[in-house]
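Trainee: Need a 3D model of the sequence below.
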Amino acid sequence: MGHDHNHTHGANKKALLISFLITTGFMIVEAIGGFITNSLALLSDAGHMLSDSVSLGVGLLAFTFGEKVADYSKTFGYKRFEILAAVFNGVTLVLIAFYIFYEAYGRFLNPPEVASTGMLIIAITGLLVNILVAWILMKQGDTEENLNLRAAFLHVLGDLLGSVGAIMAALLIIFFDWGWADPIASVIVAILVLISGIRVTRESVHVLMEGKPKNVDLDEVVKTIKRIDGVQNIHDLHVWSITSGQNALSCHVVVEGDLSISECQSLLRQIERHLEQQNIGHVTIQLENDGHPHGDSLMCQLDTESHHNHDHH
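Mentor: Below you'll find the model as predicted:
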């Protein structure tokens, strides 16, 4: 599993780097195109792409920072940086959305002239670029589990829809001379941006608040531990995420009678093995016997990261 983690980490980083370069390049093209053709739909899509390339860039930084080895001041390493990056991302998206709403309002009142053919060409190119980037992120990276990569992927999907909106608007302006199609397309982009911004922010704040990881069922965890022979009870249970895809658990387990050190060890290993199937990699367990729970009869303790080669440095 440790090797597997390193592999996904490398793949995630590579997917982000390629996507970052493509997105940043096209974002510049689209912004210039938006100014020249005077299209808010293109400009708002470029704004969204800017937030994309920032998000991909910050994501890249986060992966690089996250690789720094744990030290005495940051005992879990720098993996939380990734979550901070996702919060920054989400908030930026929300702000960009409000700015586009504001601009579009002005354009509804006073629709400007838009050079629609240029707008169409740029929007179609944008669509192709976004499809390419989304494909790279899906093919290479782990968009299911990794919050950071998922934030980037959501950005790109929003962009893709933004390009579709800009294409529709350009066609409406060309065929029907409907100038208001441009601000409408930009408002649709803004709504998408707003939704993904709120979602990413909410999920990242949940991790920062040490909330229960999405892929862990707490009742199931308690049942699993209690099912093991020799376990009487369990208390002081905490489950949280260190960063995307890395969950930790700590608890006190009350056991029957007095156990020898070797019996303790095998019981702890058993619990650890079962918890690994529940998506929990980092386990800290304190064993107590039922005679005097809480500390004074601390028999033996386990603090383990179940993927021993998890940190690949």
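
Trainee: any weak-confidence spans in the stretch 101-250 of the chain?
Mentor: 143, 145 (pLDDT under 70).

Trainee: So which residues of it form helices?
Mentor: 116-140, 147-176, 181-208, 218-227 (DSSP state H, counting those that start in this stretch).

Trainee: so who does Leu208 touch?
Mentor: Leu208 makes contacts with Arg80, Ile83, Leu84, Val87, as judged by Cβ atoms under 8 Å, 6 or more residues apart in numbering. (C-beta placed from N, C-alpha, C; glycine too.)

Trainee: for Phe101, same thing?
Mentor: Val187, Ala190.

Trainee: What are the neighbouring residues in contact with Leu171?
Mentor: With Cβ under 8 Å, 6+ apart, Leu171 has these contacts: Leu120.

Trainee: Please apply the same query to Ala190.
Mentor: Applying Cβ under 8 Å, 6+ apart, we find Ala190 in contact with Ser44, Ile96, Ala97, Phe98, Ile100, Phe101, Ala104.

Trainee: which one of the helices of the stretch 101-250 of the chain has the most crowded surroundings?
Mentor: Compared across the helices of the stretch 101-250 of the chain, helix 147-176 shows the largest average neighbour count, a mean of 24 (mean count of other Cβ atoms under 10 Å).

Trainee: still on that earlier bit, so, if you compare the contacts of Ala190, which one comes nearest to Leu149?
Mentor: Ile96 (20.2 Å; Cβ to Cβ).

Trainee: Listing partners with orientation, what would you give for the strand ranked longest in the chain?
Mentor: Counting residues, the longest strand in the chain under DSSP state E turns out to be strand 231-243. In the sheet containing strand 231-243, its partner strands are strand 246-255 (antiparallel), by DSSP bridges.

Trainee: count of neighbours near Val91?
Mentor: The number of residues packed near Val91 is 15, by other Cβ atoms under 10 Å.

Trainee: brain fart, Arg107
Mentor: Arg107, neighbours per other Cβ under 10 Å, totals 21.

Trainee: quick one: it from Val114, how far?
Mentor: 10 Å (Cβ to Cβ, to the nearest Å).

Trainee: next one: Leu93
Mentor: Counting by Cβ to Cβ, the gap from Leu93 to Val114 is 25 Å.

Trainee: of the two, who's got more company?
Mentor: Leu93 (29 against 24).

Trainee: hang on, isn't that one packed against Ile195?
Mentor: No. With contact defined as Cβ atoms under 8 Å, Leu93 does not count as touching Ile195 (9.0 Å).

Trainee: okay, the closest residue to Gly257 other than its chain neighbours: pLDDT?
Mentor: Among residues not flanking Gly257 along the chain, Asn289 sits closest, at 6.5 Å (Cβ to Cβ, 6 or more residues apart in numbering). Note on Asn289: pLDDT of 79.

Trainee: So what does Asn289 have for phi and psi?
Mentor: Asn289 adopts backbone torsions of phi -100, psi 160, taken as degrees, to the nearest 10.

Trainee: ok, what's across the strand from it?
Mentor: Beta-bridge partners of Asn289, as defined by DSSP bridges: Val255.

Trainee: what's the closest of the contacts of Ala190 to Gln140?
Mentor: Ile96 (26.3 Å).

Trainee: roughly how far apart are the closest one and Ser51?
Mentor: 5 Å.

Trainee: can you list residues touching both of these two?
Mentor: With Cβ under 8 Å, 6+ apart as the test, Ile96 and Ser51 both reach Val193.

Trainee: Surely the residue nearest to Gly257 and Glu256 touch.
Mentor: Yes. Look at Asn289 against Glu256 with Cβ under 8 Å: they come within range, at 7.4 Å.

Trainee: what about those two, which has more around it?
Mentor: A direct count of neighbours by other Cβ under 10 Å for Asn289 and Glu256 places Asn289 higher, at 16 against 13.

Trainee: Let's have the contacts of Leu208 in a markdown table, adding neighbour count, secondary structure and pLDDT.
Mentor: Putting the contacts of Leu208 into a markdown table (neighbours: other Cβ atoms under 10 Å; DSSP: H, G, I helix; E, B strand; the rest coil; pLDDT from 0 to 100) gives the following:
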| residue | neighbour count | secondary structure | pLDDT |
| --- | --- | --- | --- |
| Arg80 | 18 | coil | 77 |
| Ile83 | 23 | helix | 82 |
| Leu84 | 17 | helix | 83 |
| Val87 | 19 | helix | 87 |
